[in-house]
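Following is a predicted model, sequence given first.
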Amino acid sequence: MAVATKSIEELCINSIRFLAVDAIEKSKSGHPGLPMGAAPMAFVLWNSFMRYNPKNPKWFNRDRFVLSAGHGSMLQYALLYLMGYDSVTIDDIKQFRQWGSKTPGHPENFVTDGVEVTTGPLGQGIANAVGLALAEAHLAAKFNKPGATIVDHYTYVILGDGCNMEGISGEAASIAGHWGLGKLIALYDDNHISIDGSTDVAFTEDVSKRFEAYGWHVLHVKDGNTDLEGIAKAIEAAKAVTDKPTMIKVTTTIGYGSPNKANTAGIHGAALGADETALTRKNLGWDYAPFEIPQDVLDHTRKAVERGAAYEADWKKTLTEYKAKYPQEAAEFERFLSGELPEGWDQVLPTYTAEDKAQPTRKHSEICLNKLGVVLPELIGGSADLTHSNLTELKGAGDFQKGQFQNRNIHFGVREHAMGAICNGIALHRSGLIPYGATFLIFTDYMRAAIRLAALSEAGSIWVMTHDSIGQGEDGPTHQPIETLASLRAIPDLTVIRPADGNETSGAYKVAIQKSKENASTLLAFTRQNVPNLGGTSVDGVAKGAYTIVDCAGTPEIILIGTGSEVSLCVTAAEKLTAEGKKVRVVSMPSTDLFDAQDAAYKESVLPKSVTKRLAVEASCSFGWHKYVGTEGDTVSIDSFGASAPGGTCMEKFGFTVDNVLAKAKALLG
């Protein structure tokens, strides 16, 4: 086949298709249907509209691209290779889905430069994209000046039928429409096929009307297979609408070009097979060997390198002019991008003595947030319609709303799952913003996928969770977390902290802010009920995960380990045991994760192996605590659902009293 027989655009599009086909055929695993069908829209977008620099994938003012339908990851890897990114070579594509590969089964931002967010579970990507667009809108409103625009980029996302079926996409699209995020453009790969076959078996709604109801600008390209001009005109029309996000429904054929498998579920998630691959090559006139790309294609697509260098050079020129005109704002902008914290930022965190009045740790959290909000203008976030229960308002920072994007209080509405993924998008914008999202601890079940992905994708989100136990009270067992802390502690790379009082709350925020800047996520669990400030607690102790707050002379006979509101029970019980002549140590363990990360010598100094009598006290399930109390220890815990009653009554009835702690400690001591 002579190159001249086909247009360069068609050759480029078929290059995307066959890189996907060949990689999936070699690995015998993957999803070829979406890359084959979505190749035209992706090519038009990346070739004619998106601004990016392949040689500097982290250039700040690049347009962001999210493949929400992440199972079609070979579409993105093909684009990265063709456009000249160093992060994906032809050898990487040959290693698709293999151990240690830069081309994993779903796009992962921490593996492959050029991938903005980790998109695995369907719907997460479109919600992340809302967070990316929010970050752009906020920073543009904060830093741009008349005649000096340094924040100006779009967020593009390709999503599929599966994304639109998942509830998180509806939550995210609803709030994006409310905010009017005009630089968010979603291309919906409308191919009518999912794993079970035609989407008609379960999905017959009018998606366009739904998005119109959300407040989106909606367009339709009826022939997404060949109408490149129609796709381009739709994207141009989308960019012309600045006061609302745009959804472009692009009707395509899944597996386009495959004679026998196109438009079937059989091409959604399995390799074509050798025979069908050969037939597809013949059908599309592709006379090249596996992984072979015509030089004309590479010459064309890699013009993106030159374009990208020019885009970045122009932006740097604008930034230089901005620095001259607005040096103070420029210094703050550059600090944001550097990820550096202001010197002495943590000095605003309050400290307490035992004489200070008892308060809920959610109140201490509010105090910390507002102290930090003054010195950290990058702190931005809010609650899932629980602002005045979570106490998460940044006073004086204004509400982030349409036309008020400079403000920092985000009202997510009753949308926990979208809130989580949006916060992740804000963090993964990598512009220095520190996002936090808040709800009741029990409702982490509604956003668990986003919390898990925050940890996996190194997002740096902070989760502010209140009403952390049966002490929540009258709302009853549906609102009282029991197994929740244990399940969250099981998530790798998520630091869970349950502070005991004001000092530990300050320490928890110090850890959380530092970890956010290290692209690590933290979950803070706070009480609804009052807790006393304790004499032995400290801000810095929290960073160790566990530390001694009450000790005795010599080797203790028993160690009481507490977290959160139960630490005070341990302290009072220790006083009584000490009065009876017992040698007692009290250890506050606000974070098992942080404690486990300490060296062996430190852990031995806090929990010496010679002391086998240990009692862990936490108003949560016992699961996980035997790691710390051993076979000769015990727990004061709750392994049943709670009950509807005043919080104090619940705590008493379920055994979270000084008397019960004493009784169990004495039983251990014999």
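Good, I have the coordinates.

Once you drop chain neighbours, what's closest to residue 413?
Leaving aside its sequence neighbours, residue 413 sits nearest to residue 385 (C-beta to C-beta, 6 or more residues apart in numbering; 5.5 Å). C-beta coordinates here come from the backbone N, C-alpha and C atoms, glycine included.

Check the spacing between the one you found and residue 393 real quick.
For residue 385, the distance to residue 393 (C-beta to C-beta, to the nearest Å) stands at 13 Å.

For residue 82, list the residues it contacts.
Residues near residue 82 by C-beta atoms under 8 Å, 6 or more residues apart in numbering: 12, 15, 16, 19, 293, 297, 298, 301, 302.

how close does residue 475 sit to residue 644?
7 Å.

wait, I meant residue 183
For residue 183 relative to residue 644 (C-beta to C-beta), the value is 47 Å.

show me where the stretch 101-250 of the chain has strands.
155-160, 184-190, 193-194, 197-198, 217-221, 246-251 (DSSP state E, counting those that start in this stretch).

For residue 311, find the nearest of those.
strand 155-160 (15.3 Å; C-beta to C-beta).

what is the mean pLDDT for the closest one?
Taken as a whole, strand 155-160 has a mean pLDDT of 98.

do stretch 512-522 as well
Averaging pLDDT along stretch 512-522 yields 98.

Which residues does that stretch contact?
Contacts to stretch 512-522, defined as C-beta under 8 Å, 6+ apart, come from residues 339-341, 345-346, 372, 376, 427, 434, 451, 454-455, 458-463, 493-497, 508, 511, 524.

Please spell out the ChimeraX selection for the buried subset of the contacts of residue 82.
This is the ChimeraX syntax for the buried subset of these, where burial follows 16 or more other C-beta atoms under 10 Å:
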select :12,15,16,19,293,297,298,301
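
Check the gap between residue 399 and residue 216 for me.
Applying C-beta to C-beta to residue 399 and residue 216 gives a distance of 22 Å.

who's more crowded, the two?
residue 216 (23 against 14; other C-beta atoms under 10 Å).

Report the contact partners of that one.
Per C-beta under 8 Å, 6+ apart, neighbours of residue 216: 173, 176, 177, 244, 245, 246, 247.

wait, which of the residues you listed is closest to residue 200?
Comparing every one of the contacts of residue 216 with residue 200 (C-beta to C-beta), the shortest separation belongs to residue 247, at 20.8 Å.

Beta-bridge partners for that closest one, please?
residue 186, residue 218 (DSSP bridges).

per-residue confidence for it?
98.

Wait, it touches residue 213, no?
No - checked against C-beta atoms under 8 Å, the pair residue 247 and residue 213 is beyond contact range at 11.5 Å.

Show me where the stretch 351-500 of the chain has its strands.
Remark: strands assigned in the stretch 351-500 of the chain by DSSP E, counting those that start in this stretch are 359-360, 379-383, 409-411, 434-440, 462-466, 494-497.

of all these, which lies closest to residue 403?
It's strand 409-411; of these, that one is closest to residue 403 (C-beta to C-beta) at 14.5 Å.

how much space between residue 452 and residue 493?
For residue 452, the distance to residue 493 - C-beta to C-beta - is 10 Å.

do residue 218 as well
39 Å.

These two - which one has more neighbours?
residue 218 (21 against 15).

Could you double-check that the more buried one sits in contact with residue 245?
No - using C-beta under 8 Å as the test, residue 218 is too far from residue 245 to be in contact (9.8 Å).

can you list the weak-confidence ranges in this protein?
Residues of the chain meeting the criterion pLDDT under 70: 1-5.

for it, longest helix please?
helix 303-325 (DSSP state H).

Name the next helix or strand downstream of that helix, please.
Once the chain leaves helix 303-325, the next helix or strand it forms, by DSSP states H and E, is helix 327-338.

Going by neighbour count, list what's buried in that next one.
329, 330, 332, 333, 336.

Run through the residues that contact the second one.
The reference is to residue 330. Counting by C-beta under 8 Å, 6+ apart, residue 330 has contacts 319, 322, 323.

switch to 7 Å and redo it
322, 323 (C-beta atoms under 7 Å, 6 or more residues apart in numbering).

Quick one: residues in contact with stretch 275-289.
Stretch 275-289 is contacted by residues 1, 6, 14, 18, 21, 25, 257-261, 272, 294 when judged by C-beta under 7 Å, 6+ apart.

Turn the residues you listed into JSON lines, including secondary structure and neighbour count.
As requested, these are exported to JSON lines (DSSP: H, G, I helix; E, B strand; the rest coil; neighbours: other C-beta atoms under 10 Å):
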{"residue": "1", "secondary structure": "coil", "neighbour count": "11"}
{"residue": "6", "secondary structure": "coil", "neighbour count": "18"}
{"residue": "14", "secondary structure": "helix", "neighbour count": "26"}
{"residue": "18", "secondary structure": "helix", "neighbour count": "28"}
{"residue": "21", "secondary structure": "helix", "neighbour count": "29"}
{"residue": "25", "secondary structure": "helix", "neighbour count": "20"}
{"residue": "257", "secondary structure": "coil", "neighbour count": "25"}
{"residue": "258", "secondary structure": "coil", "neighbour count": "26"}
{"residue": "259", "secondary structure": "coil", "neighbour count": "12"}
{"residue": "260", "secondary structure": "coil", "neighbour count": "15"}
{"residue": "261", "secondary structure": "coil", "neighbour count": "22"}
{"residue": "272", "secondary structure": "coil", "neighbour count": "24"}
{"residue": "294", "secondary structure": "coil", "neighbour count": "19"}
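
which two of the residues you listed lie the greatest distance from each other?
Top of the distance list for the contacts of stretch 275-289 (C-beta to C-beta): 260 and 294, 26.1 Å.

mind listing what's buried in stretch 505-516?
Result for stretch 505-516 [16+ other C-beta under 10 Å]: buried residues 505, 506, 507, 508, 509, 510, 511, 512, 513, 515, 516.

One more: stretch 378-390?
Neighbour-count burial for stretch 378-390 [16+ other C-beta under 10 Å]: 378, 379, 380, 381, 382, 383, 384, 385, 386, 387, 390.

and the first one, what does it touch?
With contacts defined as C-beta under 7 Å, 6+ apart, the neighbours of residue 378 are 336, 432, 433, 434.

how close does it sit to residue 282?
Residue 378 is 56 Å from residue 282, by C-beta to C-beta.

quick one on the thing from earlier: residue 247 and residue 213: which is more packed in?
Using other C-beta under 10 Å, the more surrounded residue of residue 247 and residue 213 is residue 247, with 29 against 13.

hang on, isn't that one packed against residue 188?
Yes - here residue 247 reaches residue 188: they are 5.9 Å apart, a contact under C-beta atoms under 7 Å.

Mutual contacts of the two, please.
By C-beta under 7 Å, 6+ apart, no residue touches both residue 247 and residue 188.

measure residue 480 to residue 361 for me?
Taken as C-beta to C-beta, the span from residue 480 to residue 361 is 16 Å.

all strands for the stretch 501-650 of the chain, in order.
Using DSSP E, counting those that start in this stretch, strands in the stretch 501-650 of the chain cover 521-525, 530-531, 547-550, 558-562, 584-588, 614-617, 634-636.

mind putting those in CSV, mean neighbour count and distance to residue 83 included?
Putting these into CSV (neighbours: other C-beta atoms under 10 Å; distance: least, C-beta to C-beta, whole Å) gives the following:
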stretch, mean neighbour count, distance to residue 83
strand 521-525, 28, 31
strand 530-531, 20, 55
strand 547-550, 21, 51
strand 558-562, 27, 54
strand 584-588, 27, 53
strand 614-617, 26, 54
strand 634-636, 22, 56
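
Need these in TSV (columns: distance to residue 603).
Formatted as TSV, the strands of the stretch 501-650 of the chain follow (distance: least, C-beta to C-beta, whole Å):
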stretch	distance to residue 603
strand 521-525	21
strand 530-531	26
strand 547-550	11
strand 558-562	12
strand 584-588	11
strand 614-617	13
strand 634-636	19
